[in-house]
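> I'd like to go over a predicted model; first the sequence, then the structure.
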Amino acid sequence: VVSPDQNGSSFHNSLCVDSPVYGKAETYLSRDVPAWIRTNLPVDSKPQLWAIGGFSQGGTCSTQLGARHPDVYGSMLPADGELEPTQGRQDQMIKDYFGGDRKRFLAQVPARAIMDRAPSSQRLFTAAGSNDKESQHNMMVIAKAASQAGMSVQAVVTQGSGHSWHTVKTAWKPGLEWLGEAMGMGPMSKPIQDFPDIVE
């Protein structure tokens, strides 16, 4: 597990894109970090054996980058992600981060990025807390696009949690096993629905 910092500060939001605001975050996460991993760690470089995941803005980031770079990431593991990169008013964000080019912004919207590259053999394990209705909606929109694109998709709701790391901790227990089984690391210890506080 490698945990890079795409923002550089808790006060920054790179949107995980290449922009004049906070630098080339997409290049960093899709080229530089993977290159460092391949050079410095004993890993298999096949994308089918790589996953990108995150929570909240990181969840959004994982579905952006995973969809846009299937040659690097074969799987996505988002929790409580958004439908699109978000920073303040959309018109101002598009001006600041994308030079006013709405098409560049739309290319970063996860559901659109997924459909733009369909058909896809990628995998998506996505989760949202039961107390976070907005994230549940976001999750299902992206999961639907992924399913339509041909991906293997699993969506779960974690009982009793909201937009918090409790959702991540609960969801990633079966999520990592699900991905591990798909990657050939061995069978899951039990069905997803048998994990605590998980609803499929």
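Done, it's in.
> any idea how far Val43 lies from Pro191?
29 Å (CB to CB, to the nearest Å). Any C-beta I mention is one placed from the backbone N, CA and C, and that applies to glycine too.
> More neighbours: which of those two?
Neighbour count, other CB atoms under 10 Å: between Val43 and Pro191, Val43 has more, with 13 against 10.
> Find the nearest non-adjacent residue to the more buried one, please.
Counting by CB to CB, 6 or more residues apart in numbering, Val43 lies nearest to Ile37, which is 5.9 Å off, once chain neighbours are set aside.
> likewise Met140?
Nearest to Met140 is Ala155, by CB to CB, 6+ apart, at 6.6 Å.
> what's the answer for Val199, then?
Closest to Val199 by CB to CB, 6+ apart is Val157, at 4.6 Å.
> same deal with His69?
The nearest residue in space to His69 (CB to CB, 6+ apart) is Ser30, at 4.4 Å.
> picking up where we left off before, helices and strands around the strand or helix carrying the residue nearest to Val199, which ones?
Val157 is part of strand 152-158 when elements are defined by DSSP states H and E. Judged by 3 or more CB pairs under 8 Å, 6 or more residues apart in numbering; DSSP states H and E, strand 152-158 is in contact with strand 123-129, helix 133-148, helix 165-182, strand 198-199.
> For that strand, give the mean pLDDT please.
Averaged over strand 152-158, pLDDT sits at 98.
> Direction included, what does it pair up with?
strand 123-129 (parallel), strand 198-199 (antiparallel) (DSSP bridges).
> Could you pull out the buried residues of stretch 115-127?
By 16 or more other CB atoms under 10 Å, the buried positions in stretch 115-127 come out as Ser120, Gln122, Arg123, Leu124, Phe125, Thr126, Ala127.
> which residues does the closest residue in space to the last one that isn't next to it in sequence contact?
So the one you mean is Ala127. Take Ala127 and drop its neighbours on the chain: the residue closest to it by CB to CB, 6+ apart is Ala171, 3.4 Å away. Ala171 makes contacts with Ala79, Phe125, Ala127, Val156, Thr158, Ile198, as judged by CB atoms under 8 Å, 6 or more residues apart in numbering.
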